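Peer 1: just a sequence and a predicted model for now, questions to come.
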Amino acid sequence: MTKSKKTGRIPKSKLLSYAVNAGLLLVFYFLFFALIANGTINRYSSGIMTTMFINIILTVSLNLVSGFLGQLVLGHAGFMSVGAYTAALFTLYSGLPITIAFPISIVLAGVMAAVFGVIIGVPALRLRGDYLAIITLGFGEIIRVIILACDFTGGAKGLRGIPTILPKGSDATSLALAKYSYVFWLAVITVVVIWAFVRSRHGRAVIAIREDEIAAEASGIHTTYYKLFAFVMAAFFAGVAGSVYAHHIGVLDPGKFNFDYSVEILLMAVLGGLGSITGSIIAAVALTILPEFLRGFEDYRMLIYAVILIIVMLFKPSGLMGQREFSLSGLAARLTAKKRKGE
Amino acid sequence: MDFLTQIINGLGQGSIYALVALGYSMVYGITQLINFAHGDIIMVGAYTTYVMLIMAGTPLWAAILAAVLFCAVVGVIIEQVAYQRLLNKNAPRISLLITAIGVSMLLQNLYQLIFKSDAKSVSNVLPSFPIPVGPLEISSVTLITIVTSVLVMLLLQILVKKTRIGKAMRATSEDAGAAKLMGISSRNTIAFTFAIGSGLAAIGAVLYCGAYPQITPYMGSMLGLKAFVAAVLGGIGSIPGAMIGGILIGVAESLTKALGWSQITDAVVFGILILVLLVKPAGLLGRNIKEKV
Amino acid sequence: MAVLEAENLSIVFGGLHAVDDVHFSLEKEQIMGLIGPNGAGKTTVFNLLTGVYTPTTGQIKLEGQSILGKKTHQITRMGIARTFQNIRLFKDMTVLDNVRVAMNQKMKYSAAAGIFSLPSYWREEAEVEEKALELLSVFHLEDHASDRAKNLPYGQQRKLEIARALAAEPKVLLLDEPAAGMNPTETAELMETIELIRSRFHISILLIEHDMSFVMEICEHLVVLDYGRIIASGSPEEIRSNPKVIAAYLGGE
């Protein structure tokens, strides 16, 4: 500690765990890359994987506002739709080759969603917490209505013919691999950025606001600024997810980004544990894959989600992970502690 | 003249919003909970009307009675099963809100399973004929809607101001702790408030069916949201506020439609909400309460 | 020169003068007590001093500079920190983090530096951790640094709240009923702590307290409020024998 104080270098203990995590990520990435490349994971399954990573981006970013900041947002799908349409319109009309246009569209989508975040957040965050839920819900609806009413968004027919992320004529496997690589690393970036933010002084300020806004303000925290910051950051990543979604599916239907979808993301965040990033990841993975096994119960899906939501809130409001995080070093510490006890 | 007709239509629509807004407002006044499921109670009321009138063929009064009673019971069950536990242990508000959303989704999907998602037609709930008023023609349905709503709200005012339970409601919303010390059971008061609010939503549902004879399991969410906007606009927690808010929203809506912008009506309503919260966060008649330090 | 000055401070809530023409000046390294019966407007004065409420009339100056119209967090940064009557800790955060939150304002690294874990992040975080632990050790809380705040016993929660206020490096510390709910031993210990804070951090302290023996012993100057007005001010000896004060406390007029 004393050394890092002078140099600002990463402490050795952290460095090791970072290296282990980075290594595991690479192993995971190449493992699934190989499985997709040799066809073990078919096109259908790799499509679900893409959805899964999109859901991770959405859930982790929503958790920043609803879990760490403690403000309920019911329009996350609305921010996603802003990103999706921005990105799709850009790749459709920019005239740039898709391999260049797509990465730019990701950033544009995030920025545009963030701009909307500022527009919504500035008035809404001045008010008591419950109103933010309603205003974001209202925002989601307004966006949908506007998309339906406009010509350039394709209106109710939806926006069609969005290019896939590789030039025309690329084979299906390369496309699946390209999608997988993009969405995998985007999810990693989202998780790492939000995780690093949360443990920084800025993240502490955000958590303090959740704990007690009055005390946070009295401790010198500019609460309005930090609330807006977290809110806009979450909107940004929802926009990023929207861009990937648009180019993954190829068609945008305004009906997709409705209240139900926002609630589905919220359910993932709640189940995983508001305030736990790893919890969000686990829940997003589980709730994307599970319905695939319950195909016959499609009609009951939202009903079951509703019941789960109520039961979790009543009996285990902290969700799967509470505010804890799963970490390898934590696991290792626990295992060795048990061993020592055993001896 | 067209303008006047639209205003009157708006009054009709607005008084339905007002009835529903009252439920939001009263429940919020006592529990500080935005009961998201309240809008879906309208849907429950509408389907009860449908079952009684169309499927069972009962007379109108029986359908209304059934809708009011059934909704009141559903309202109380929701409060007892979903909210009471959280209210008792003073859970964070975000937990309450999420539970309320869960209840709302549950009702919608349950009704979709039972009645399927296609729209059901509930025509001729209320007698419909044009009434000439000067140069204008007003639909009897609109007139009945307005008159009924006004009567119901007057009754409610009497209930809240004069009766014992009404006083208990006001006392609990003023200071739940003190009310408890005075021997007022906050549990019963809260349950009663849910019952009244849901009953009012049922009356709103019947009137709604009179004006718009198409019902779906999802009809409640937008209707409920607009009623909520009305409650906030008027000042949440205030009964006259809910009435004024409801009517303003109704009129704003029908004027938007009259201007040929019917596609963006919902956007206009939410625009009004955002504007109100910016300029006067406590609403027109609400009190601005700052959290005690 | 006085560190904190209040002049003709008044606030009206719906026709009621909650605080009426209150004035005092707090000297450097002085411990001043604000006393009075329940509902006399003591906490309201704190809320005025910290920008929670804006006074209807009057002026508040910190080291000669007006703080009127400033937001609470700005006032904290300028140098007035407080504790609350009902302890308000960040319950689910660790003891260490409670203190670190209040040190946020003195830290400089940007959000980007935090996200990318630049050297400034590691350097400042290490410095702040050391400073925070040092501060906690003043209150004998360093062994609990990684406990959640809500798991501390009551007396230590009070101490942590004071530590958090001090972490903001204030010039003036406002304590709202610091001895509430404490037993005589704890109260005695608290008195020592307050003395220690003054001598160690060289700050002025304004406190609200109901425990008369506590106030009489620790404060150099007392201001007595009743119905929002100052009915007496002076040294503990003067206040003790003031007939107006005795009347106010006995409920007479």
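Peer 2: In hand now; what should we look at?
Peer 1: any weak-confidence spans in chain C?
Peer 2: Along chain C, the model assigns pLDDT under 70 to residues C:250-253.
Peer 1: near chain B, which residues of it?
Peer 2: Contact residues, chain C versus chain B (CB under 8 Å from any CB of the partner chain): C:43, C:47, C:52, C:84. In short, each C-beta sits where N, CA and C put it, glycine included.
Peer 1: tally of neighbours for the first one?
Peer 2: To tie it back to what came earlier, the one meant is C:Thr43. C:Thr43 has 20 neighbouring residues, counting by other CB atoms under 10 Å in any protein chain shown.
Peer 1: show me what the helix or strand in which it is found packs onto, helices and strands only.
Peer 2: Assigning secondary structure by DSSP states H and E places C:Thr43 in helix C:42-49. Judged by 3 or more CB pairs under 8 Å, 6 or more residues apart in numbering or on different chains; DSSP states H and E, helix C:42-49 is in contact with strand C:4-13, strand C:16-26, strand C:31-35, strand C:80-82, strand C:172-176, strand C:204-208.
Peer 1: could you dump the ones you listed into CSV and include distance to B:Ile8 and mean neighbour count?
Peer 2: Shown next, in CSV, are the helices and strands packed on helix C:42-49 (distance: least, CB to CB, whole Å; neighbours: other CB atoms under 10 Å in any protein chain shown):
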stretch, distance to B:Ile8, mean neighbour count
strand C:4-13, 43, 18
strand C:16-26, 45, 18
strand C:31-35, 61, 24
strand C:80-82, 57, 27
strand C:172-176, 57, 25
strand C:204-208, 59, 24
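Peer 1: I figured C:Leu225 hits C:Val22, correct?
Peer 2: Yes. Using CB atoms under 8 Å, C:Leu225 is in contact with C:Val22, at 7.1 Å.
Peer 1: so for the two, which residues contact both of them?
Peer 2: C:41, C:45 (CB atoms under 8 Å, 6 or more residues apart in numbering or on different chains).
Peer 1: need the residues of the stretch 151-300 of chain A near chain B, please.
Peer 2: For the stretch 151-300 of chain A, the contact set with chain B under CB under 8 Å from any CB comprises A:214, A:259-260, A:263, A:266, A:270, A:274, A:299-300.
Peer 1: all the strands of chain B, residue numbers only.
Peer 2: Applying DSSP state E to chain B gives strands spanning B:120-121, B:130-133, B:136-139, B:214-215.
Peer 1: could I get the ones you listed as TSV with mean neighbour count and distance to chain C?
Peer 2: Formatted as TSV, those follow (neighbours: other CB atoms under 10 Å in any protein chain shown; distance: least, CB to the nearest CB, whole Å):
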stretch	mean neighbour count	distance to chain C
strand B:120-121	14	48
strand B:130-133	10	44
strand B:136-139	16	43
strand B:214-215	18	45
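Peer 1: residue ranges with poor pLDDT in the chain?
Peer 2: You didn't pick a chain, so chain A it is. Short version for chain A, where the test is pLDDT under 70: A:1-7, A:128-129, A:338-343.
Peer 1: the chain in question should be chain B.
Peer 2: Flagging of chain B using pLDDT under 70 yields the residue ranges B:1, B:287-293.
Peer 1: mind listing what's buried in stretch A:151-167?
Peer 2: A:153-154, A:158-159, A:162-166 (16 or more other CB atoms under 10 Å in any protein chain shown).
Peer 1: go on, stretch A:165-178?
Peer 2: A:165-166, A:176-178.
Peer 1: next one: it to chain centre, how far?
Peer 2: Offset of stretch A:165-178 from its chain centre (CA atoms, centre = their mean, to the nearest Å): 25 Å.
Peer 1: show me where the stretch 151-300 of chain A has its helices.
Peer 2: Taking DSSP state H, counting those that start in this stretch as the test, the helices found in the stretch 151-300 of chain A are A:172-199, A:201-211, A:213-218, A:223-249, A:259-272, A:277-293.
Peer 1: reformat those as TSV; add distance to C:Ser120.
Peer 2: As requested, these are exported to TSV (distance: least, CB to CB, whole Å):
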stretch	distance to C:Ser120
helix A:172-199	13
helix A:201-211	11
helix A:213-218	23
helix A:223-249	18
helix A:259-272	31
helix A:277-293	24
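Peer 1: and residue 94, how many neighbours does it have?
Peer 2: Just going to use chain A. Count around A:Ser94 with other CB under 10 Å applied: 14.
Peer 1: please refer instead to chain C.
Peer 2: Residues lying near C:Thr94 (other CB under 10 Å) number 16.
Peer 1: go ahead and confirm it touches C:Asn151.
Peer 2: No. With contact defined as CB under 8 Å, C:Thr94 does not count as touching C:Asn151 (9.8 Å).
Peer 1: and which of the buried residues of stretch A:165-178 is nearest to B:Leu106?
Peer 2: Proximity of these to B:Leu106 was ranked by CB to CB; the top entry is A:Ala176 with 37.6 Å.
Peer 1: which residues sit in contact with the nearest residue to the closest one once chain neighbours are set aside?
Peer 2: Using CB to CB, 6 or more residues apart in numbering or on different chains and skipping the chain neighbours, the partner closest in space to A:Ala176 is A:Ser46 (4.6 Å). A:Ser46 makes contacts with A:36, A:176, A:179-180, as judged by CB under 8 Å, 6+ apart.
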